[in-house]
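> I'd like to go over a predicted model; first the sequence, then the structure.
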Amino acid sequence: MNPINIAIAGIGNCASSLIQGIAHYSNGGGNEAIGLSHWDLGGWRPKDIRVVAAFDVDRRKVGRDVSEAIFAAPNCTAVFCDHIAETGTKVMMGPVLDGVAPHMLDAPEARSFRVADLPEPTLDDVVETLKRTEAHVFMNYLPVGSQKATEFYAEAALRAGVAFVNNMPVFIASNPAWAKRFEDAGVPLIGDDIKAQLGATIVHRTLTDLFSRRGVKLDRTYQLNTGGNTDFLNMLARDRLESKKISKTEAVQSVAEHRLDDDNIHVGPSDYVAWQNDNKVCFLRMEGQLFGGVPMNLELRLSVEDSPNSAGVAIDLVRCAALARARGIGGVINQPSSSFCKHPPVQMPDQDAHVALEAFIAGDASVDPASRH
């Protein structure tokens, strides 16, 4: 198989974990049965993914090889693979737009963005880079709230004919106008907002679905999350959270037997705790009624390293996007979107989404969430 060439916008913790993961599974450090739901997907293994273009705005990353930039501040995720060969791809300056929250410029050096004093690229510049490097898949890892910056990169991918995977909660795949443009151009689109391997959202969804299947009436629930990475620091600006809260809340509401009133559900980032670094802690509570209306409640605490928790899913997303591209399928690719994302165009129970995903990988396009829901 030919390698999959990827471009990345945002060389933060998630990109670091993705690139470390590719190296880890390529260097024989990883057992194929651990950490990946698909060792081989469409004929591609992790070693077949290579980074050919990267964009960031931080002066500590721009101009450095991707293999070095992923360990530069303010990144603070776990280092589980420190033997990463030079990629030959240097991080390029990207457009700032709304990609940096103002309060992030004033944060301490180890946590803040330090915007490089370099000319920002035009849309034509980024399109030309994607074409010149022969990128196949563009991974968007911009901070929450980066509406204009995400749309900039989505436009660049569209014009360059590069599959776009939107890992964050600006609505592109779930926006009918954007979805139509990608469909008309014959360019694959997957999104929105990556769902971690075993994170707060997938656990909350699974338990909510379990309540429904076992006849337990869910009355109210909350999901409170704390973390110390730049994602949580960025989200202290509450005006950047609207799409994130919608994405996480809808992921849970969509599998509930009956939608909860807004006053009875709270899902979303809660606070920034600097010393947690990339560790994310979820506090989950669910209250309901069993047989005869007898009350019950469930409380759960989940602690995970946030960015590696999404990297295995990202490796699958890359390969699904490449598979769609190789098959000449454009527009929203519903199967991986419904399976791997919090806010896909079509929400469905996770077990149904998994069946649809496996059918897509096997080449059976008839199992499409859009036709069933």
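That came through, no problem.
> all helices of the stretch 1-150 of the chain, in order?
13-26, 66-69, 102-105, 123-132, 147-160 (DSSP state H, counting those that start in this stretch).
> pLDDT wise, what is the residue nearest to residue 296 when sequence neighbours are not counted at?
With sequence-adjacent residues excluded and distances taken as Cβ to Cβ, 6 or more residues apart in numbering, residue 296 is closest to residue 290, at 5.2 Å. The way it works is simple: take the backbone N, C-alpha and C, and place the C-beta from them, glycine included. The per-residue pLDDT reported for residue 290 equals 98.
> could we number from 11 for the rest of this?
With 11 as the first residue, the last one maps to residue 300.
> and residue 265, how far is that from residue 211?
Going from residue 265 to residue 211 by Cβ to Cβ, to the nearest Å gives 11 Å.
> next: residue 131.
33 Å.
> could you do residue 275 as well?
From residue 275 over to residue 211 (counting by Cβ to Cβ), the distance is 13 Å.
> neighbour count winner among those two?
residue 211 (23 against 18; other Cβ atoms under 10 Å).
> just checking, the more buried one touches residue 262?
Yes. Counting by Cβ atoms under 8 Å, residue 211 does reach residue 262; the two are 7.4 Å apart.
> so which of the helices of the stretch 11-160 of the chain gets nearest residue 283?
helix 23-36 (15.5 Å; Cβ to Cβ).
> what are the ranges of the strands in the stretch 111-260 of the chain?
Ranges of strands within the stretch 111-260 of the chain are 147-150, 173-176, 198-200, 227-237, based on DSSP state E, counting those that start in this stretch.
> ok, the second one: who's next to it in the sheet?
By that I understand strand 173-176. Next to strand 173-176 in the sheet, as set by DSSP bridges, lie strand 147-150 (parallel), strand 198-200 (parallel).
> got TSV for those strands, with mean neighbour count, distance to residue 65 and mean pLDDT too?
Below are those laid out as TSV (neighbours: other Cβ atoms under 10 Å; distance: least, Cβ to Cβ, whole Å; pLDDT from 0 to 100):
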stretch	mean neighbour count	distance to residue 65	mean pLDDT
strand 147-150	26	10	99
strand 198-200	30	19	98
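> switch those over to JSON lines; also include distance to residue 238.
Converted to JSON lines, the strands paired with strand 173-176 look like this (distance: least, Cβ to Cβ, whole Å):
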{"stretch": "strand 147-150", "distance to residue 238": "23"}
{"stretch": "strand 198-200", "distance to residue 238": "29"}
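> can you count the residues close to the closest residue to residue 79 other than its chain neighbours?
Of all residues not flanking residue 79 in the chain, residue 71 sits nearest, at 4.0 Å (Cβ to Cβ, 6+ apart). Residues lying near residue 71 (other Cβ under 10 Å) number 29.
> just for the stretch 11-160 of the chain, where's the confidence low?
In the predicted model, the stretch 11-160 of the chain carries pLDDT under 70 at residues 39-43.
> residue 256 and residue 349, how far apart?
20 Å.
> actually residue 175, not the one I wrote
Residue 175 is 13 Å from residue 349, by Cβ to Cβ.
> next one: residue 254
Separation of residue 254 from residue 349 (Cβ to Cβ): 20 Å.
> kindly report the same for residue 336.
From residue 336 to residue 349 the distance is 19 Å (Cβ to Cβ).
> now residue 80
Distance from residue 80 to residue 349, by Cβ to Cβ: 26 Å.
> next: residue 286.
Distance from residue 286 to residue 349, by Cβ to Cβ: 29 Å.
> give the rounded mean pLDDT of the helix or strand hosting residue 349.
Element membership for residue 349 (DSSP states H and E) is helix 344-350. Mean pLDDT, helix 344-350: 98.
> tell me what that helix is packed against?
Helix 344-350 sits against strand 198-200, helix 318-336, helix 360-372, helix 379-382, with contacts defined as 3 or more Cβ pairs under 8 Å, 6 or more residues apart in numbering; DSSP states H and E.
> list the contacts of the first one.
With contacts defined as Cβ atoms under 8 Å, 6 or more residues apart in numbering, strand 198-200 is touched by 173-176, 182-183, 188-189, 192, 327, 330-331, 334-335, 339-343, 346-347, 350-351.
> same check, this time on the third one
Contacting residues not belonging to helix 360-372 are listed as 48, 51-52, 212, 215-216, 219, 265, 330, 333, 343-346, 348-350, 358, 375-379, 382 [Cβ under 8 Å, 6+ apart].
> give me that answer again for 7 Å
51-52, 215-216, 333, 345-346, 348-349, 377-379 (Cβ atoms under 7 Å, 6 or more residues apart in numbering).
> show me what contacts residue 227?
Residue 227 neighbours (Cβ under 7 Å, 6+ apart): 298-299.
> gap between it and residue 270?
Residue 227 is 11 Å from residue 270, by Cβ to Cβ.
> equivalent analysis for residue 335, please.
In terms of Cβ to Cβ, residue 335 sits 39 Å off from residue 270.
> residue 168: what's it in contact with?
Taking Cβ under 7 Å, 6+ apart as the test, what residue 168 contacts is 191-192, 195, 197.
> ok, residue 261 next?
211, 215, 352-353.
> and with 10 Å instead?
203, 205, 210-212, 214-215, 218, 233, 277, 351-354, 357, 360 (Cβ atoms under 10 Å, 6 or more residues apart in numbering).
> you'd agree residue 77 is up against residue 29?
Yes. Between residue 77 and residue 29 there is a contact under Cβ atoms under 10 Å: 7.4 Å.
> who touches both of those two?
Joint contacts of residue 77 and residue 29 (Cβ under 10 Å, 6+ apart) are 61, 94, 97.
> for the residues you listed, which one is nearest residue 11?
For the shared contacts of residue 77 and residue 29, the nearest to residue 11 is residue 61 (17.2 Å; Cβ to Cβ).
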